[in-house]
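Enquirer: sharing a model that was predicted from the sequence below.
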Amino acid sequence: MRSLDDLRASLVSTRGGAVDDSIPQLAEADPELFGAALAHPDGEVVASGDARHPVSIQSAVKPFLFALALADTDGEALDRVGIEPTGEAFDSIKLESDTGRPPNPMVNAGALLTANLVSGDSGEARTRRILAGLSAFAGTDLDYDREISECEQLHGDRNHALAHLMRSEGTLDETADEAVAVYARACSVMVDAAALAVMGATLAFGGRNPVTGERVVSAAVARDVVSVMATCGVYDGSGRWMRSVGVPAKSSVSGAIVLSAPNRLGAAVISPPLDELGTSVRGEALSRALSEEHGLHAFGYRGSSTGASSPRSTTSATASTL
Ligand code: GLN
């Protein structure tokens with residue numbers, strides 16, 4: 001089996017995509033940064049390249065906000081946010097027409113809401129809960145970057161628009177400004193590929209962190225979250241991703257991708273240049289290589305392609321029993 005170092009090295013020369021420029025800190029990212037990590041069921045973390053270089057987590061935080069909202073509301077979050085793919089960009093100004101709910105927790109509207117469904121009677125308290133929850137998923141203390149979060153709030157006009165829209169629909173209880181602030185801080189949490197891989201692994205192993213042994217969320221919550229990652233995690237590229245990589249994942253504008261292969265492993269790749277759908281170009285290429293190398297595709301056939309189960313013998317067996 002090829003090692004993570006080998007797979008990563010084979011893709012270092014992959015070009016294409018552009019670094020996000022929605023805020024100065026993202027625009028200044030080094031396009032050559034390329035880190036990856038795997039987290040295994042026994043807690044072993046395999047790191048490669050710039051795996052210890054932190055970036056803002058951005059939208060890769062969304063599965064974990066959904067998990068914390070589900071845990072803190074005892075599942076009520078499932079009534080407050082849809083779970084259907086949108087086929088649209090992550091920041092599209094769209095709610096479900098009949099309910100006023102966000103379409104799913106992996107787009108901005110949904111994550112603005114789930115960030116504010118976690119426990120806490122103020123924006124600061126919810127931020128503390130989110131930081132503690134994310135740290136438990138990662139098995140290490142995480143914090144957010146104040147400057148990035150300020151910029152996210154200053155430049156996040158579409159997020160303000162979405163929050164006002166949800167407030168006017170009665171979907172969001174908090175004020176729009178407070179809701180955007182909590183969400184912006186969550187997007188500004190600094191993680192490296194090693195920590196993000198452990199976060200993905202905690203979801204992959206039923207909500208228990210394989211490094212610390214801590215139960216972070218229930219197995220039912222983890223399953224719900226990974227299911228929605230599979231259908232909505234790569235926005236309007238989710239179908240393409242599921243076919244070619246076949247592992248539930250969440251992309252982000254910092255170029256971080258978190259992957260959760262249930263019962264198998266958690267993984268993360270960070271490489272800033274993005275394609276037109278906001279997915280890291282090298283991140284997707286390495287995810288596909290990892291999936292192939294480790295046989296992770298959720299719908300991949302793992303049996304022998306010859307012998308008793310071939311279509312021909314199945315047909316004749318069926319025919320003879322008729
Ligand atoms: N900071 C981004 C936003 O909410 C996160 C989006 C993303 O990573 N796709 O606008």
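Expert: Yep, it's here.
Enquirer: okay, CA-based contacts and neighbour counts for the rest of this
Expert: Fine.
Enquirer: not counting its neighbours along the chain, what's nearest the residue nearest in space to the middle of the chain?
Expert: Closest to where the C-alpha atoms of the chain average out (C-alpha atoms, centre = their mean) is residue 250, at 2.7 Å. Leaving aside its chain neighbours, residue 250 sits nearest to residue 233 (4.5 Å; criterion: C-alpha to C-alpha, 6 or more residues apart in numbering).
Enquirer: surely the one you found touches residue 252?
Expert: No - using C-alpha atoms under 8 Å as the test, residue 233 is too far from residue 252 to be in contact (9.5 Å).
Enquirer: the more surrounded of the two?
Expert: When residue 233 and residue 252 are compared for neighbours, residue 233 comes out ahead with 34 against 27, by other C-alpha atoms under 10 Å.
Enquirer: which ones are touching the more buried one?
Expert: Going by C-alpha atoms under 8 Å, 6 or more residues apart in numbering, residue 233 touches 106, 248, 249, 250, 251.
Enquirer: any stretches of this structure with poor pLDDT?
Expert: 305-322 (pLDDT under 70).
Enquirer: any idea which helix is longest in it?
Expert: For the chain, the longest helix by residue count, based on DSSP state H, is helix 123-138.
Enquirer: after that one, next one along is what?
Expert: Sequence-wise, the next helix or strand downstream of helix 123-138 (DSSP states H and E) is helix 146-155.
Enquirer: skipping adjacent residues, who's closest to the residue of the stretch 51-200 of the chain found nearest the ligand in space?
Expert: Distances between the stretch 51-200 of the chain and the ligand by C-alpha to the nearest ligand atom are smallest at residue 59, namely 3.6 Å. Nearest residue to residue 59, sequence neighbours excluded (C-alpha to C-alpha, 6+ apart): residue 252, at 4.5 Å.
Enquirer: what sits against the one you found?
Expert: Taking C-alpha under 8 Å, 6+ apart as the criterion, residue 252 is in contact with 57, 58, 59, 60, 278, 279, 280.
Enquirer: go again with 7 Å.
Expert: When contacts are counted by C-alpha atoms under 7 Å, 6 or more residues apart in numbering, residue 252 touches 58, 59, 60, 278, 279.
Enquirer: equivalent analysis for residue 244, please.
Expert: With C-alpha under 7 Å, 6+ apart, residue 244 has these contacts: residue 288.
Enquirer: distance check, it against the ligand.
Expert: 20 Å (C-alpha to the nearest ligand atom, to the nearest Å).
Enquirer: also residue 288?
Expert: Relative to the ligand, and taking C-alpha to the nearest ligand atom, residue 288 is found at 20 Å.
Enquirer: what parts of the stretch 101-250 of the chain come near the ligand?
Expert: 108, 156, 187 (C-alpha under 6 Å from any ligand atom).
Enquirer: hmm, the first one is touching residue 90, no?
Expert: Yes - taking contacts as C-alpha atoms under 7 Å, residue 108 lies within contact range of residue 90: 5.8 Å.
Enquirer: do you have the helices of the stretch 151-300 of the chain handy? List them.
Expert: For the stretch 151-300 of the chain, the helices defined by DSSP state H, counting those that start in this stretch occupy 157-168, 176-187, 193-204, 219-232, 238-244, 281-294.
Enquirer: neighbouring contacts of the second one?
Expert: Taking contacts as C-alpha under 7 Å, 6+ apart, the residues outside helix 176-187 that touch it are 56-59, 61, 112, 115-116, 123, 127, 144, 149, 152-153, 159-160, 163-164, 167.
Enquirer: redo that, cut-off 6 Å
Expert: Under the contact criterion C-alpha atoms under 6 Å, 6 or more residues apart in numbering, helix 176-187 has outside partners 57, 58, 112, 115, 123, 127, 149, 152, 163, 164.
Enquirer: who's in contact with the second one?
Expert: The neighbourhood of residue 58, defined by C-alpha under 6 Å, 6+ apart, consists of 187, 252.
Enquirer: quick one, phi/psi of it?
Expert: The phi and psi values for residue 58, taken as degrees, to the nearest 10, are phi 50, psi -140.
Enquirer: residue 91 looks like it's in a helix, true?
Expert: No - secondary structure of residue 91 (DSSP: H, G, I helix; E, B strand; the rest coil): coil, not part of a helix.
Enquirer: return the residues in contact with it.
Expert: Applying C-alpha under 6 Å, 6+ apart to residue 91 gives the contacts residue 108.
Enquirer: burial measure for the residue lying closest to residue 42 once chain neighbours are set aside, as a count.
Expert: Nearest non-adjacent residue to residue 42, counting by C-alpha to C-alpha, 6+ apart: residue 210, 6.1 Å away. For residue 210, the count of nearby residues is 28 (other C-alpha under 10 Å).
Enquirer: is it correct that residue 210 is in contact with residue 43?
Expert: Yes - under the criterion of C-alpha atoms under 6 Å, residue 210 makes contact with residue 43 at 4.7 Å.
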